[in-house]
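1. Prediction below, plus the sequence it came from.
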Amino acid sequence: MLLTWYKKFSSQPHQPFFSSGILFFTLFMMLFIFIYSNILTLDTSVLTYHAYSMVFVIFIQFFLGFLFVVFPRFLMQAEIPIKKYMTQFFIYFLSSLGIFLSLIFYSKITTVFQILLLVGQILSFRLLYSIHKKSLVQIKEDTKWILIAFCIGLVSHFLFIVSNIDFKYSHFISKIAINSGFYLFLFMIIFVISQRMIPFFTTAKAPNYKINKSPKLLEIVFSLLVLKVLILSFDNPKLNLISDIPLLFVITKELIRWKLPFFRVPAIMWVLYLGLYWIPFALVISIIESFMAFYAPFIYFEKAVIHTLALGYFITLLVGFGTRVILGHSGTTPHANKFAISIFIALQFIVLLRIFSSISMNFALDYIFFINLTATLLVLVLFIWSCEYITILLKGK
């Protein structure tokens, strides 16, 4: 019986990786809530490991589950053998569990599990690179940029592990690792997938739609993100204008150019469109923060920009793509019913609440209360979403 279940569960790569992502997202967010509620105390920086767990442990598992499905299709190659991706799944699962438990009980060995996780990510990169290299497809720009972003992610992860050593520049290296991991690794991978899949999906739902992307979009966005990461290392929000204004211009112009048919596609599509528009919204917040640094430096924005991108862009697309992949690969036509639409709408309110939480101290409000409220609602909404779809993942096909 167990063997039969395992065969079904492991039959498609998104099933184990999505399941693991859901589990560890819930666990790490609960850990965050317990710490901010003074129920639990860590001997390490909660903010540092909150960022680390989201970038290098959790989000990447969700999107690897997606990449292991679509990468061979992009490149017209055979599906990845079950043994290969399941070996990696167990590495990710064990290292993620080890990081979680060691942070609570004995943080001195956390680095061991981080190294194991890095090994798993190196194996993932090698697997994706081998598929890319073998492919005879002439245009391989999208997969090339995914690999570039993934490679930078490996370097960023390595730098973060190095920053665990207590020396003069450890904090600076940790900051570089997190910023490059967030923007050049995670954001870039998700953006490459978005600009490839969303227009493509749109053509299936709106037959008259024509894909109209800028030819050098990825090169330009990547260059500006590199500039942004370099500027962030100076810890001066005034300088962010140098990268954020051109980023806002490029991405907004691109979204206008795409002419996405919001009102001519079903909900499963306009939810993905909505996720894209959180990018310029986050950049506007960053630009306002930069101007405030000149004229009202006492106004505090906390991490509003990063959380707008992480919750508004990453999680909206994660739930949108996740719903589509889970249904589509279980033999059900991908669609967003009233339940799914309610989840998507609730997520948007949670993003707005997280933005408000970031500026709540400026109004002498209880910042910790709003942070915990946002985190609790996020876990609750994703748990409700998971209850609808986790049985499909665990049951397998």
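-> Right, received. Where do you want to start? Numbering: from 1, shown residues only.

2. Please make it C-alpha for all contacts and neighbour counts, starting now.
-> Will do.

3. now the protein, which segments are flagged as low pLDDT?
-> 43, 47, 329-334, 390-397 (pLDDT under 70).

4. can you do 80?
-> Across the chain, the ranges flagged by pLDDT under 80 are 1-2, 42-48, 324-337, 388-397.

5. and the residue nearest to Val57 when sequence neighbours are not counted, how many residues sit next to it?
-> On the basis of Cα to Cα, 6 or more residues apart in numbering, the spatially nearest residue to Val57 that is not a chain neighbour turns out to be Ser96, at 6.3 Å. By other Cα atoms under 10 Å, 25 other residues sit near Ser96.

6. Sticking with Ser96, tell me its helix or strand.
-> Following DSSP states H and E, one finds Ser96 within helix 82-105.

7. So which bits of that helix are buried?
-> Burial within helix 82-105, assessed by neighbour count using 16 or more other Cα atoms under 10 Å, is assigned to 85-86, 88-89, 91-93, 95-100, 102-103.

8. Lys238 contacts Pro297, correct?
-> No. In this structure, Lys238 is not within contact of Pro297 by Cα atoms under 8 Å, at 9.9 Å.

9. what's near enough to touch the residue nearest to Thr203 when sequence neighbours are not counted?
-> Nearest residue to Thr203 in three dimensions, chain neighbours excluded: Tyr209, at 5.5 Å (Cα to Cα, 6+ apart). Residues in contact with Tyr209 (Cα atoms under 8 Å, 6 or more residues apart in numbering) are Thr202, Thr203, Pro261.

10. ok, how many other residues are close to the nearest residue to Val137 once chain neighbours are set aside?
-> Nearest-residue entry for Val137: Leu75, 5.9 Å, with adjacent residues in sequence omitted and distances by Cα to Cα, 6+ apart. Leu75: 20 surrounding residues under other Cα under 10 Å.

11. And Leu75, how far from Met188?
-> Counting by Cα to Cα, to the nearest Å, the gap between Leu75 and Met188 amounts to 19 Å.

12. Equivalent analysis for Pro266, please.
-> For Pro266, the distance to Met188 - Cα to Cα - is 27 Å.

13. swap in Ile148?
-> The gap separating Ile148 from Met188 is 9 Å, by Cα to Cα.

14. One more: Ile33?
-> Counting by Cα to Cα, the gap from Ile33 to Met188 is 28 Å.

15. Ok, Ser357 next?
-> Using Cα to Cα, one gets 26 Å for the distance from Ser357 to Met188.

16. higher neighbour count, these two?
-> Of the pair Ser357 and Met188, Ser357 is the one with more neighbours under other Cα under 10 Å, namely 25 against 22.

17. host element of the more buried one?
-> Taking DSSP H and E as the definition, Ser357 sits inside helix 338-359.

18. and that helix, what other elements does it pack with?
-> Under the contact definition 3 or more Cα pairs under 8 Å, 6 or more residues apart in numbering; DSSP states H and E, helix 338-359 sits against helix 304-307, helix 316-328, helix 367-395.

19. In TSV: the ones you listed, plus distance to Lys108 and mean neighbour count.
-> Formatted as TSV, the helices and strands packed on helix 338-359 follow (distance: least, Cα to Cα, whole Å; neighbours: other Cα atoms under 10 Å):
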stretch	distance to Lys108	mean neighbour count
helix 304-307	28	20
helix 316-328	32	21
helix 367-395	27	17
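
20. With distance to Leu274 added, can I get these in CSV?
-> Formatted as CSV, the helices and strands packed on helix 338-359 follow (distance: least, Cα to Cα, whole Å):
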stretch, distance to Leu274
helix 304-307, 16
helix 316-328, 8
helix 367-395, 18
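
21. among the ones you listed, which is nearest Ser45?
-> Ser45 lies closest to helix 367-395 among the helices and strands packed on helix 338-359, at 16.1 Å (Cα to Cα).

22. between that closest one and helix 316-328, how many degrees?
-> Angle, helix 367-395 to helix 316-328, by axes from the mean of the first three to the mean of the last three Cα atoms, to 10 degrees: 20 degrees.

23. before we move on, the earlier item: the residue nearest to Val137 touches Gln138, doesn't it?
-> No. In this structure, Leu75 is not within contact of Gln138 by Cα under 8 Å, at 9.1 Å.

24. so Ser11 is in which element?
-> Assigned by DSSP H and E, Ser11 belongs to no helix or strand.

25. between the helices and strands packed on helix 338-359, which one is nearest to Tyr129?
-> Smallest distance to Tyr129 across the helices and strands packed on helix 338-359 (Cα to Cα): 22.8 Å, for helix 316-328.

26. Name the residues that touch that closest one?
-> By Cα under 8 Å, 6+ apart, the residues outside helix 316-328 that reach it are 14-15, 18, 62-63, 66, 268-269, 271-272, 274-275, 333-336, 344, 347, 389, 392-393.
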